[in-house]
Each structure stands twice: as C-alpha cells, then as structure tokens.
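Undergrad: Kindly generate the corresponding structure for this input.
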Amino acid sequence: MIIDKIEIQKIPIKLNAPFKTALREVQVLDVIRVAITFTNGIIGIGEAAPTKVITGDTEERIISDITTRFAPFLMGQTVDTSCTLLDEMDQLVEGHSSAKAAIDIALHDALAKAANLPLYRFLGGTSQSLETDFTISIGTPEKMCHDAQEKVHSGFKSLKIKLGLGTIDEEVAKIRRINQHLQGQIPFRIDANQGWTKEEAVQILHEWQDIPIDFVEQPVNAADFAGLKYVTEHTTVPIMADESVFSYQDAKRLIEEKCCDAINIKLMKSGGIREGRKIFALAQAHHIPVMVGSMIEGYGGMAAAAHFALGMAKVRYIDLDVPFMWDTTNISATQQGVIVKPGELIVTDALGIGIGE
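TA: This next block holds a predicted model:
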C-alpha cells in the first residue's frame, strides 16, 4: 500500500467528571486525529493525546510533528505488514512518542482493514472483551471512599487508586479508610505517579502489608531507576514501572537491573503498537507481568489500546477505564469504537480499530 495523503483534525473530548492525579487535573482535552489515505482507497485512522507532564507532548507539538516532520517523510512511501517504515520514521527524532503513536495506529488500522480484519484479530487475538479496573482520582478521603463504593456497586472488580500528593500518614490512611469502607472485598492497584521518595515509598508500603494490593505503580521519579530498584528490593508489594518505561531499551534496562516486578505499556509512551509489541515480547520472555494502560485519551487512542491488549492475549492487567469517563452525550458506538459494560470493555468486529472515517 502506498501513502497518498495525510490529514489531521482536533477531536474535543469532555469528561463526565474532573480527573486528578499527582501530575495534573483534566476535564476537557483535544486529541489529534490523523487520517492516512492510501492509493488503494483505504484510510487508516490514528490518534495522539497531549500529555505534557508525562510524554512532553503538547497539542501544538503533536500537530507540528505530524505535519512538518513525519508527513513529508511518509508521503509516497510503501507500507507492508513488516511496518519497518516505522523504524525509519523513529530515527527522525528522539522521543515525540505521541505523534509517532498516532501514525503507528493509523498504519496498523489500515493494514487490518486491508486484511479485512478487526485489529485485535490482525494482531492474533481472539477475544473481544477485556475486564478493566477503574481509577479513583485524588480527592478528599470522603470523596474517594464514595467513588470507590460507587464503582464497586456498578460492577468493577478492581480499583486503581491515585495517590502521591499527601504526607506519609495521609497516604497510608486513605488506603486504609477505602479498604475498610469496602470491607476488604476489592484488590487495589495504587499509582503514586512519581509522588514519593524511595524512603517514603518503602515506609508507606510497609503499612499496607495486611491490605489486598495487586501492585504499586511508579512510586518514584521516572528517571530514578536506582530508586525504583531500591523500593522493589525493600518491599514484598509488587512494583510496576510506568513513566520509567517508554521504549524497548527502557524495558530492557529495567528488567536487566531488576528495577521492578511489572511493566505498564501505553501506546502514547511507546510510540505505538510496533514498539509496544516488542516491549510485551521482552517482558513475556522474562516472565514479567504486563499491564496495558492509557493516558486520558480519545476514541481512536482507546480503541487502539483495547485492540492491542486483546491482540497480545496474555496481558495480566488492564487499565483502560477512560471510556467510562467520557461524556458520551450524542456520541455513537461507531464514533467510540468500543462498547462499555460495568467493568468491561468490548471492541466491535468492525475493520481496523472500528472508528468511522
């Protein structure tokens, strides 16, 4: 297939409630959608979500990357199932992973359409549904308990709790209070979003030995691999790397240096599906559990993440709850690409990522 045209547009996404972490607060965002048209008439759809505090990518930078850097390189190029063209594109600039992810998703969408398959099947998956957790954003203890109870009642079987802004005592008390409120019936996945020092992390985790916790995600600064390793070595609670792992090389170093117990793959960090698959294969080879997560994203990005997770088949944890956060008033299933049920995300059998052009 030969690339004939590349177009972009902003897609406004409104959330049904503010979402707050140790790094930012989000209620409304614009995602950047790219449409790549091929000479055979197929159109591939991809998206990038601006998440400056994690990827460094702003809305303006994503638009500039696609229009002035990547589009001129891609025009007239031939794309096949090997997707080696993406490796060449990656060499144009280091980082800038969100714009790369948008292009990567669009190419995979087009390849799946050319094969007359939904993307999850093109990637080797068979199931159409995922069981996801739901993320409780930072708030007062009362608000977090209320939100947690509400999500459990609505059908979620695991919760991801955002922390990272409080004192040691406050962080410890929040989880204890939520656990007591839920009578210990739900396992927690705790995300500090780089909010603690290594010493604080070890002290906090020591206080949660009697609480059901699947893992603690990114307790220390993303660049502090030694700190991450220290926490991993000094607690029995599994430690997951998120902001520390963007690329295959990051994952390789984390695994070789035994810095963590698990890895979170997000397409906006990895630069798309191709690099995400490489990271997943590496983790599988070393028996490291993987979670597929996302930023606060739009319809195309979340559909692609769901198809990617289904295509990898042996993903241990799923953190793709953003579709439950969208304000979907007047938004059809064809526009969303996924169907939501309590605690469950379902992709359709539409071709590619299932997003209407």
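
Undergrad: Outline the domain layout of the protein.
TA: Annotated domains of the chain cover 3-116, 121-347 [automatic domain parsing].

Undergrad: is it possible to export those domains to TSV including mean neighbour count?
TA: (C-beta placed from N, C-alpha, C; glycine too.) Formatted as TSV, the domains of the chain follow (neighbours: other C-beta atoms under 10 Å):
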stretch	mean neighbour count
domain 3-116	19
domain 121-347	20
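
Undergrad: Format those domains as CSV; extra columns: mean pLDDT.
TA: Shown next, in CSV, are the domains of the chain (pLDDT from 0 to 100):
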stretch, mean pLDDT
domain 3-116, 93
domain 121-347, 95
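
Undergrad: now these as a markdown table including distance to residue 356?
TA: Listed next are the domains of the chain as a markdown table, based on distance: least, C-beta to C-beta, whole Å:
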| stretch | distance to residue 356 |
| --- | --- |
| domain 3-116 | 9 |
| domain 121-347 | 4 |
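
Undergrad: pull the longest helix from this structure.
TA: Secondary structure of the chain per DSSP state H: the longest helix is helix 97-114.

Undergrad: what helices or strands is it leaning on?
TA: In terms of contacts (3 or more C-beta pairs under 8 Å, 6 or more residues apart in numbering; DSSP states H and E), helix 97-114 is packed against strand 25-38, strand 43-48, helix 59-64, helix 84-90, helix 119-122, helix 267-270, helix 273-285, helix 299-312.

Undergrad: Using a markdown table, lay out these together with distance to residue 159.
TA: Formatted as a markdown table, the helices and strands packed on helix 97-114 follow (distance: least, C-beta to C-beta, whole Å):
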| stretch | distance to residue 159 |
| --- | --- |
| strand 25-38 | 19 |
| strand 43-48 | 27 |
| helix 59-64 | 30 |
| helix 84-90 | 35 |
| helix 119-122 | 26 |
| helix 267-270 | 23 |
| helix 273-285 | 24 |
| helix 299-312 | 19 |
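
Undergrad: And residue 223, how far from residue 238?
TA: Computed as C-beta to C-beta, to the nearest Å, the residue 223 to residue 238 distance reads 21 Å.

Undergrad: Please disregard the earlier target; I meant residue 110.
TA: From residue 110 over to residue 238 the distance is 38 Å, taken as C-beta to C-beta.

Undergrad: Identify the residues contacting residue 318.
TA: Counting by C-beta atoms under 8 Å, 6 or more residues apart in numbering, residue 318 touches 130, 131, 132, 133, 291, 292, 309, 345.
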